[in-house]
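1. give the three-dimensional model of this entry:
(2 chains)
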Amino acid sequence: MIAALGLLIGIIAGLVFAPEVPVSLQNYLPIAVVAALDAVFGGLRAYLDGIFDDKVFVVSFVSNVVIAAAIVFLGDQLGVGAQLTTGVIVVLGIRIFSNVAAIRRHVFHA
Amino acid sequence: MAETRERPLPEHVTTPLLTLITKRSMDEDYAHVAEQRAAAGAPSNGSPRPHWVSMVTVGVLGLMMAVVAVQTDRRAEVDELGRAALIDQIELRSERVAALQARVGELTGTIRASVVKASDNDGQLDTLDANVSRLEVRTGFSAVRGQGIRITVDNEPGVDVNNEIRDEDLAYLVDGLWTAGAEAIAINDQRLNLLGGIRNTSRAIHVNGRPVNAPYVISVIGDNDTLQARLLQSSQGQAWFALVNSLEFRYTSEIVEDIRLPAAPGPVLRDVIEMDAGPNGLPQGEESAP
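-> Below is the predicted model of the structure:
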C-alpha cells in the first residue's frame, strides 16, 4: 500500500515538475528505469515471500540503476553502446518476467 | 590431475546462463538477510512491512518513469517535426528532379534535332563538294583522265615565217574539237579553260600565258570513236583542215586509251565580284573584319 502510494506520488511529481534531463543523461535514463523496475519487482516478490527488507531493497535498487547506466556508458565509450544496451535489457527482461511469474503464483495461486 | 577432474564442479559453473538468470531473478540478499534474522532469533512476525525508505525508492522509480515518458513524448514531437521537414524536402527535391528530367528530355530532343541538322548539313556539304569537283572537271581546274586522241601539229621544216602555225590556227582546231564533243583539251600539257587563251606574241604562241613551242601536242579527252569524224564535220574543223592543206602543216593524230591532263593554273579573278559580296570582294558581313 505504502509502495503504491510512493509510486503514485513519484509519477505525479514527475508529471508536474517535468524536470529537463541533461542531454548527456538522456541515453541512460530509460535503461535505468528498466533496472529500477527489476529491483521493484524483485522487492515485491520478496515481500510476498515474506522476506522483504528495506535495506536490501534500497541497495539493490540503487546498485541496479547505477550498474545498468554504467554498463551502457561504458558501451557508448567503446562504440558498442547499442549492443550492450540490448544485452542489459535482455537480462533485466528475463529477470522481470520470472519475478512477475513468481508474483503471479503468489497472488493467483496458479 | 585425476583428483581435480573427479571433484564436481560448483553449481553456478555448470548451470546454463539462462537458467541461472531465471533462478536468481530475485536478489539472493533477501534470503540471506531472512536467514540471518532467523538465526539471530528475531521474532518472525509474518511478512515485514516496507517503511518510508522503500516508499521513497518506489517514488523515485515513479519519478524516473514519468520523466522518461515526458522526454519521449517531447522527442516524439521533435522527431515528427523532423520527419515533416524531411518529407517537405523530399517533395521539394522530387519536384526539382522532375523539372531536371524534363529539361533532360528537352535537351535530348534538341540534341537529336541538332544531329539530324548536322547530318543534313553534311549531306549538303557532300553534294556541294561533288558539285565543286564536277565543276572543276568541266572548267579545267582539276586534273582529269580518260580516253581520247592526241593530235600532233608541226610546221614543215624551213617553212616561211608567214606560213607558221599561229594562235588563230590552233584556235580553229580547238574550237572544232569542242564542237566535236571534246571534254578536256590541253596543248603541250597546258590545260585550256575559260580564263586561259591561245595568244600570239610575235612568233611564239602562248597558252594560259605560257609559251609553247612546236610541235604542238593537243591532248583531247572525248569519245574515241566519234571525235575525229565529228571534227571533220564541224565548220571550224573544216576550216582547220583547209589551213592544214593549204599551209602544209604536219598533222598526225592517234587514239589513246588513257590520257591524263593536268589542271589549269589557279584562277586569278581580278574583276569578277560575287553577286552577294561587298565592294571589297569579301562576302557580306566579313568586310569589317580586321
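2. so what's the residue count around the residue in the stretch 101-250 of chain B that chain A sits nearest to?
-> Nearest to chain A, among the residues of the stretch 101-250 of chain B, is residue B:101, at 39.3 Å (Cβ to the nearest Cβ). Every residue, glycine included, has its C-beta placed from N, CA and C. Here the number of neighbours of residue B:101 (other Cβ atoms under 10 Å in any protein chain shown) works out to 10.
3. from residue B:91, how far out is it?
-> 15 Å (Cβ to Cβ, to the nearest Å).
4. go on, residue B:275?
-> Residue B:275 is 62 Å from residue B:91, by Cβ to Cβ.
5. who has more neighbours out of those two?
-> residue B:91 (10 against 4).
6. helix or strand: which one has the more buried one?
-> Per DSSP states H and E, residue B:91 falls inside helix B:52-139.
7. helices and strands around the helix or strand that comes right after that helix, which ones?
-> Remark: after helix B:52-139, the chain's next helix or strand is strand B:144-154, criterion DSSP H and E. Contacts defined by 3 or more Cβ pairs under 8 Å, 6 or more residues apart in numbering or on different chains; DSSP states H and E place strand B:144-154 against helix B:167-179, strand B:184-187, strand B:216-221, helix B:224-233, strand B:250-261.
8. now for the shortest one, which elements pack on it?
-> I take that to be strand B:184-187. strand B:144-154, helix B:167-179, strand B:216-221, strand B:250-261.
9. pick the most buried one from the ones you listed.
-> Stretch with highest mean neighbour count among those: strand B:216-221 (a mean of 22; mean count of other Cβ atoms under 10 Å in any protein chain shown).
10. partner strands of that strand and their direction?
-> Counting by DSSP bridges, the strands paired with strand B:216-221 are strand B:144-154 (antiparallel), strand B:184-187 (antiparallel).
11. how about the ones you listed, which one is nearest residue B:84?
-> In terms of Cβ to Cβ, the element of the strands paired with strand B:216-221 nearest to residue B:84 is strand B:144-154, at 82.4 Å.
12. so what touches stretch A:10-21?
-> A:29, B:58-67, B:69-71 (Cβ atoms under 8 Å, 6 or more residues apart in numbering or on different chains).
13. hang on, the earlier thing: per-residue confidence averaged over the helix holding residue B:91?
-> Mean pLDDT, computed over helix B:52-139, is 92.
14. name the helices or strands packed onto that helix?
-> helix A:2-17, helix A:29-49, helix A:54-78.
15. for the longest one, give me every contacting residue.
-> Contacting residues not belonging to helix A:54-78 are listed as A:27-28, A:31-32, A:34-36, A:38-40, A:42-43, A:46, A:81-85, A:88, A:92, B:27, B:29-30, B:33, B:50-51, B:53-54, B:57, B:60-61 [Cβ under 8 Å, 6+ apart].
16. now those residues: which count as buried?
-> Buried by 16 or more other Cβ atoms under 10 Å in any protein chain shown: A:28, A:31-32, A:34-36, A:38-40, A:42-43, A:46, A:81, A:84-85, A:88, A:92, B:27, B:29-30, B:33, B:50, B:54, B:57, B:60-61, out of the contacts of helix A:54-78.
17. contacting residues for residue A:86?
-> Counted by Cβ under 8 Å, 6+ apart, residue A:86 has zero contacts.
18. now do the buried residues in whichever strand or helix holds it.
-> For residue A:86, the host element (DSSP H and E) is helix A:81-108. Across helix A:81-108, burial judged by 16+ other Cβ under 10 Å covers A:81, A:84-85, A:88-89, A:91-92, A:94-96, A:98-99, A:102-103.
19. before we move on, what about stretch B:16-32?
-> B:21, B:22, B:25, B:26, B:27, B:29, B:30.
20. same question for stretch A:5-17.
-> By neighbour count with 16+ other Cβ under 10 Å, stretch A:5-17 contains the buried residues A:6, A:7, A:9, A:10, A:11, A:13, A:14.
21. what mean pLDDT does it have?
-> Across stretch A:5-17, the per-residue pLDDT values average to 86.
22. remind me which residues of the stretch 151-290 of chain B are low pLDDT?
-> For the stretch 151-290 of chain B, the stretches with pLDDT under 70 are B:196, B:202, B:266-269, B:277-290.
23. if you set the cut-off to 90 instead, what comes out?
-> Along the stretch 151-290 of chain B, segments meeting pLDDT under 90 span B:153-216, B:218, B:222-229, B:231-234, B:236-237, B:239-290.
24. and residue A:37, how many neighbours?
-> 20.
25. test my guess that it contacts residue A:93.
-> No. Shown here, residue A:37 and residue A:93 do not form a contact pair, counting by Cβ atoms under 8 Å, at 9.6 Å.
26. for the closest residue to residue A:43 other than its chain neighbours, the count of nearby residues, please.
-> Distances taken as Cβ to Cβ, 6 or more residues apart in numbering or on different chains place residue A:57 nearest to residue A:43, at 4.3 Å, with adjacent residues excluded. The local packing of residue A:57 (other Cβ under 10 Å) involves 27 other residues.
27. tell me which of the helices and strands packed on strand B:184-187 sits nearest to residue B:108.
-> Taking those one by one with Cβ to Cβ, strand B:144-154 is closest: 47.2 Å.
28. and the helix holding residue B:91, how far out from the chain's middle?
-> Distance of helix B:52-139 from its chain centroid, counting by Cα atoms, centre = their mean, to the nearest Å, is 30 Å.
29. center of chain A, which residue is that?
-> Nearest residue to the geometric centre of chain A (Cα atoms, centre = their mean): residue A:36, 1.6 Å.
30. cool, thanks, signing off.
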